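> please find the sequence and the predicted model below.
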Amino acid sequence: MATPGADASEACSYDEPELDPYRDEPKQLPSGSPGKDARLRLRFERRGGRSILAAMERRAPLLVQRALYCDEGMPHLPWVYVITNSGGILQGDRYRIRIEAGPGAIGHVTTQAATKIHEMDANFAAQDQSIVLEEGSYLEYLPDAVIPFRHSRFLTRTAIHVHPTATLLYSEILWAGRKHYRGGEGFEYDLFSSSVRAARPGGEPLFAEKFLIEPGRSSPRGVGVMGEFDVFANVILLTPKAHAERIAEAFPTGADASCGCVDGVSRLPNDAGLIYKALAGESSVARSRVRAFWAAVRGEVTGHDVPPAFPWS
């Protein structure tokens, strides 16, 4: 069955205007050269009473080994850990990721650790993601946090095609920077650009969102942006309207001075689902709030609990 969205093997162009100051080539390997051109394609399919990782294509530095069935709440759910052997994202890196879930398939995709975007003195790094969910599928895509180092430049674009009966839980957690290195690197990166657009399989658009952070031009510390918070969590839930309404009504949000967090849930246009955002002073607080939302989603959509948090995470 042909699926919409850009293939992980296709070359991508980057004509976003925010990248114009960063189009010089590194003195080391040119941008997108071998070792800097990572590809990953995953496809989940249903086989009898469980789902499997039916297809996997990879090109270093992005790696995947095998699916694990480690979820006590959903023992039929395959977990896939995305690994990078480069120690982080470097200048000139170009990543392509495609994740597919076939009819009735389920899957959980995460990362082995936080994604570090290293300091840069030339060019930029970019990531393109394509996520396709077919009829009745369920996918949790919950990578660990992104940590941009001083003078890093990073652009990520995500294109989603989701069937009306499918559910996608997609999370993005962004740090202000390394908190305890060189006295702190809060918002000392040059550029962070993230966009997400979603559509139905036939191409009918659902929503688009983009946030662009250029601390050298406008400080994120302003009122109504980040203020004194250091961690931003952005979680998108695409699911049938009935699920979305029950989650929105039941999930508690607001300001919690005891843990230094503010959060809220909003409805997406075109009955696409929900968007959940949280600001926190510490990464552990942001992760716990995302976990609480994840638990609400999984309980509503699948009737199962999320597994206990790993003590080292």
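Arrived safely. Numbering: from 1, shown residues only.
> so what's G216 up against?
Applying C-beta atoms under 8 Å, 6 or more residues apart in numbering to G216 gives the contacts D190. Heads up, the C-betas are built off the backbone N, CA and C, glycines and all.
> what helix or strand does it sit in?
Assessed by DSSP states H and E, G216 sits outside every helix and strand.
> ok, then the element right after the helix or strand of the chain with the lowest mean pLDDT?
Lowest by mean pLDDT, DSSP states H and E among the helices and strands of the chain is strand 254-256, with a mean of 91. Remark: after strand 254-256, the chain's next helix or strand is strand 261-267, criterion DSSP H and E.
> buried ones in stretch 90-105?
90-102, 104-105 (16 or more other C-beta atoms under 10 Å).
> what does stretch 194-213 give?
Here stretch 194-213 shows 194, 196, 198-199, 201, 206-207, 213 as buried, counting by 16+ other C-beta under 10 Å.
> ok, which stretches of the chain are helices?
Counting by DSSP state H, one finds helices in the chain at the ranges 241-250, 283-302.
> which other helices and strands contact the least confident helix or strand of the chain?
Using 3 or more C-beta pairs under 8 Å, 6 or more residues apart in numbering; DSSP states H and E, the elements in contact with strand 254-256 are strand 261-267.
> hang on, M74 packs against H304?
Yes. Assessed by C-beta atoms under 8 Å, M74 is found in contact with H304 at 4.9 Å.
> one step back: name the nearest of the buried residues of stretch 194-213 relative to F187.
For the buried residues of stretch 194-213, the closest approach to F187 (C-beta to C-beta) belongs to I213, at 7.7 Å.
> so who does that closest one touch?
If you count contacts by C-beta under 8 Å, 6+ apart, I213 has them with 187, 189, 191-193, 220.
> that one bridge partners, please.
F192 (DSSP bridges).
> name every strand pairing with the least confident helix or strand of the chain and say which way it goes.
Strand 254-256 pairs in its sheet with strand 261-267 (antiparallel), by DSSP bridges.
> who touches the partner strand?
229, 233, 244, 247-248, 251, 253-256, 273-281, 285-286, 289, 293.
> give me the buried subset of those.
Among those, the ones that count as buried (16+ other C-beta under 10 Å) are 229, 233, 244, 247-248, 251, 253, 273-281, 285-286, 289, 293.
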